[in-house]
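Visitor: Fold the following for me, if possible:
(2 chains)
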Amino acid sequence: DTAVSQTPKYLVTQMGNDKSIKCEQNLGHDTMYWYKQDSKKFLKIMFSYNNKELIINETVPNRFSPKSPDKAHLNLHINSLELGDSAVYFCASSRFGTGEDTQYFGPGTRLTVL
Amino acid sequence: AQSVTQPDIHITVSEGASLELRCNYSYGATPYLFWYVQSPGQGLQLLLKYFSGDTLVQGIKGFEAEFKRSQSSFNLRKPSVHWSDAAEYFCAVGGAEYGNKLVFGAGTILRVKS
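Guide: Numbers count the residues shown, from 1 in each chain, chains lettered A, B, ... in the order given. Purely as a prediction, here's the structure:
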């Protein structure tokens, strides 16, 4: 069974469109994350949720809106897509959300904005 | 600001040779330290982590890393590299001083030549 899954794996869309990426974890973890990996492979956290509550919100344009319907799911909605949003987006989860927690990553969603 | 530095962008080693990937961090207290590996088109997989205690930690796939407080380093080593080790390796630091989130280095791409 896949521990952290993301859909879709690839997403190609036009500038200005709105799109969503879904993430689900079956590890029973309380905390989920979204990371953005840019073209230089630099990985940076965007958001973190603990039991459906937002706990980390980095400096991310408000076109990005995470939603956590339950603690096993964390979706990422992006409005008015821009060229600079092209990246690989990784979802991750961890048990408690503390600094020593191991984070388990999904396979990533490669978003290409044309 | 807290940071993680991986000074080598690319490293090429021959199959069977030993490997050391460097990681330096800036952090006031003892950090939580991680090494992750990312194979092409895949998510990140945890290789090993250090929280406290023995400064030499063993991980999966024959990897080990040594925490050296005096040098603020957490270098990853493997005595004999296999072709399947070709991937990108990320060092990460977590802890309260980082807001309980993981901060990643820029990654080191490992190439293995036969």
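Visitor: which stretches of chain B form strands?
Guide: B:3-5, B:10-14, B:19-21, B:24-26, B:32-38, B:44-50, B:56-58, B:64-68, B:73-78, B:87-94, B:103-104, B:108-113 (DSSP state E).
Visitor: May I see those strands organised as TSV, with distance to chain A, mean neighbour count and mean pLDDT added?
Guide: Any C-beta I mention is one placed from the backbone N, CA and C, and that applies to glycine too. TSV is the format used below for the strands of chain B (distance: least, CB to the nearest CB, whole Å; neighbours: other CB atoms under 10 Å in any protein chain shown; pLDDT from 0 to 100):
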stretch	distance to chain A	mean neighbour count	mean pLDDT
strand B:3-5	10	16	90
strand B:10-14	11	13	97
strand B:19-21	14	18	98
strand B:24-26	13	17	91
strand B:32-38	4	24	94
strand B:44-50	4	20	94
strand B:56-58	13	14	96
strand B:64-68	14	18	96
strand B:73-78	14	20	97
strand B:87-94	4	24	94
strand B:103-104	4	22	90
strand B:108-113	8	16	96
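Visitor: Residue A:61: which of those strands is closest?
Guide: Nearest to residue A:61, of all the strands of chain B, is strand B:103-104, at 20.6 Å by CB to CB.
Visitor: partners of that closest one in the sheet?
Guide: Paired neighbours of strand B:103-104 in the sheet (DSSP bridges): strand B:87-94 (antiparallel).
Visitor: Residues in contact with the partner strand: which ones?
Guide: Residues from elsewhere that reach strand B:87-94 (CB atoms under 8 Å, 6 or more residues apart in numbering or on different chains): A:41, A:43, A:99-101, B:2, B:4, B:6, B:21, B:23, B:25, B:27, B:31-40, B:44, B:47, B:74, B:76, B:100-105, B:107-110.
Visitor: would you put the C-alpha positions of it in PDB?
Guide: Output of strand B:87-94 as PDB, limited to C-alpha atoms (Å, rounded to 0.1, in the frame of the first residue of the first chain):
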ATOM      1  CA  ALA B  87      20.500   9.800  -7.300                       C
ATOM      2  CA  GLU B  88      20.200  13.200  -5.600                       C
ATOM      3  CA  TYR B  89      20.900  13.400  -1.900                       C
ATOM      4  CA  PHE B  90      19.500  16.000   0.400                       C
ATOM      5  CA  CYS B  91      20.600  16.900   3.900                       C
ATOM      6  CA  ALA B  92      17.900  18.400   6.100                       C
ATOM      7  CA  VAL B  93      17.800  20.000   9.500                       C
ATOM      8  CA  GLY B  94      14.800  20.200  11.900                       C
END
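Visitor: Between strand B:73-78 and that strand, find me the angle.
Guide: Going by axes from the mean of the first three to the mean of the last three CA atoms, to 10 degrees, strand B:87-94 is angled at 150 degrees with respect to strand B:73-78.
Visitor: and strand B:87-94, how far from the chain's centre?
Guide: Distance, stretch centre to chain centre, for strand B:87-94: 5 Å (CA atoms, centre = their mean, to the nearest Å).
Visitor: and what of stretch A:33-48?
Guide: The gap between the average C-alpha position of stretch A:33-48 and the chain average comes to 8 Å, counting by CA atoms, centre = their mean.
Visitor: residues of stretch A:70-77 that come out buried?
Guide: A:71, A:72, A:73, A:74, A:75, A:76 (16 or more other CB atoms under 10 Å in any protein chain shown).
Visitor: what about it, near chain B?
Guide: No. Stretch A:70-77 is not in contact with chain B by CB under 8 Å from any CB of the partner chain; minimum separation 14.7 Å.
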